[in-house]
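In: Using only what follows, build the 3D model:
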Amino acid sequence: MEENKEVIEDITEKVVAEAAAEGKVLLDAKSALDTSAKTIRNDAKDADRNFKQKGGPRRDREKREEPSDGLSSKLICINRITKVVKGGRTLRFNSVVVVGDKNGRVAIGSGKAREVTEAIRKAEMDAKKNFQTVPLVGTTVPHEVIGKFGTSKVKIMPAKEGHGIIAGGSARAVLELAGYKDVTAKCYGSTNKTNVVKATMKAIQQLRTREQIMALRGKPA
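Out: Take a look at the predicted model:
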């Protein structure tokens, strides 16, 4: 308590001196304490704002330790997992992420953790282990193809340059990160996001260029 009183007295004297230097007159100790408390709050807010604008040490460390490798990722969905145990219920999160370089390499991954950010990080690490290479013919797919997973079915069709990507959210994420810019996709059956993403992946894995098909037949392209 005595230390707190000394600190308060020091702050009060400092505020009174600053007010006197500026030509202001504080009537009593209470006004001085109110002024000092307001000054401290404002200083704390300014320091916190500057810290957030700079990103903090954690963001700087992440930038230094993890340089950009040309990959982009998109979060598809986050599901809550509740497990009933003897001590009560435990809550975890399951995330599904699509990762690609927009140049013919794409993958999907999933991760589980007690925190959302950790689940997303695990999903990205899982996706980076399972990259698939898909063929690109200009900005579209080589031919029409259908992919199935569970009760979800995705039909992908080529389009002319400038057409853009006409597809749902989950299928669109896979096609964009794979590098396609002009394509049309239609989903049938279940619209479960995870199933639609996996059906889209199965569809683009079936794509073959003219050169690949002729090579399989043993004929010149």
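In: which stretches of this protein form helices?
Out: Using DSSP state H, the helices assigned to the chain run over residues 2-21, 29-54, 56-65, 116-128, 169-178, 193-205, 210-217.
In: worst average pLDDT in those helices?
Out: Ranked by mean pLDDT, the helices of the chain bottom out at helix 56-65, which scores a mean of 41.
In: so how far is K83 from the residue nearest to A178 when sequence neighbours are not counted?
Out: Spatially, and ignoring its direct neighbours in sequence, A178 is nearest to V106 (4.1 Å; CB to CB, 6 or more residues apart in numbering). C-beta here means a position set from N, CA and C on the backbone, and glycine is covered the same way. Separation of V106 from K83 (CB to CB, to the nearest Å) stands at 32 Å.
In: The two: which has the busier surroundings?
Out: Taking neighbours as other CB atoms under 10 Å, V106 and K83 compare with V106 leading, 30 against 9.
In: Where do the domain boundaries of this structure fall?
Out: Domain assignment for the chain by automatic domain parsing gives 2-61, 72-128, 135-213.
In: For the longest one, measure first residue to last.
Out: Terminal residues of domain 135-213 are spaced 12 Å apart (CA to CA, to the nearest Å).
In: Same check on stretch 141-154?
Out: Stretch 141-154: ends 14 Å apart by CA to CA.
In: Just the buried residues of that stretch, please?
Out: Neighbour counts using 16 or more other CB atoms under 10 Å place V141, P142, H143, V145, G147, F149, S152, K153, V154 of stretch 141-154 among the buried residues.
In: swap in stretch 73-90?
Out: For stretch 73-90, by 16+ other CB under 10 Å, it's S73, K74, I76.
In: Identify the residues contacting it?
Out: 91-99, 108, 112, 116, 119-120, 124, 127, 170, 173, 176-177, 193-194, 197 (CB atoms under 8 Å, 6 or more residues apart in numbering).
In: try 6 Å this time
Out: The set of residues external to stretch 73-90 that reach it, using CB atoms under 6 Å, 6 or more residues apart in numbering, is 91-99, 124, 170, 173, 193, 197.
In: Can you tell me which of those residues are classed as buried?
Out: Listed as buried from those are F93, N94, S95, V96, V97, V98, V99, E124, S170, A173, K193, V197; burial here means 16+ other CB under 10 Å.
In: so how far is I81 from the residue nearest to the third one when sequence neighbours are not counted?
Out: Same thing as S95. For S95, ignoring the flanking residues on the chain, the nearest one in space by CB to CB, 6+ apart is A119 at 4.3 Å. Using CB to CB, A119 is found at 10 Å from I81.
In: Please identify which pair of the buried residues of stretch 141-154 lies farthest apart.
Out: With CB to CB as the measure, no two of these lie farther apart than P142 and S152, at 22.7 Å.
In: Next up, the contacts around K202.
Out: G147, F149.
In: ok, now with 7 Å
Out: Residues in contact with K202 (CB atoms under 7 Å, 6 or more residues apart in numbering) are G147, K148, F149.
In: who does the second one bridge with?
Out: For K148, the beta-bridge partners under DSSP bridges are K153.
In: closest to A185 among the contacts of stretch 73-90?
Out: Nearest to A185 among these: S170, at 9.8 Å, using CB to CB.
In: close enough to count as contact, that closest one and V196?
Out: Yes: taking contacts as CB atoms under 7 Å, S170 lies within contact range of V196: 4.2 Å.
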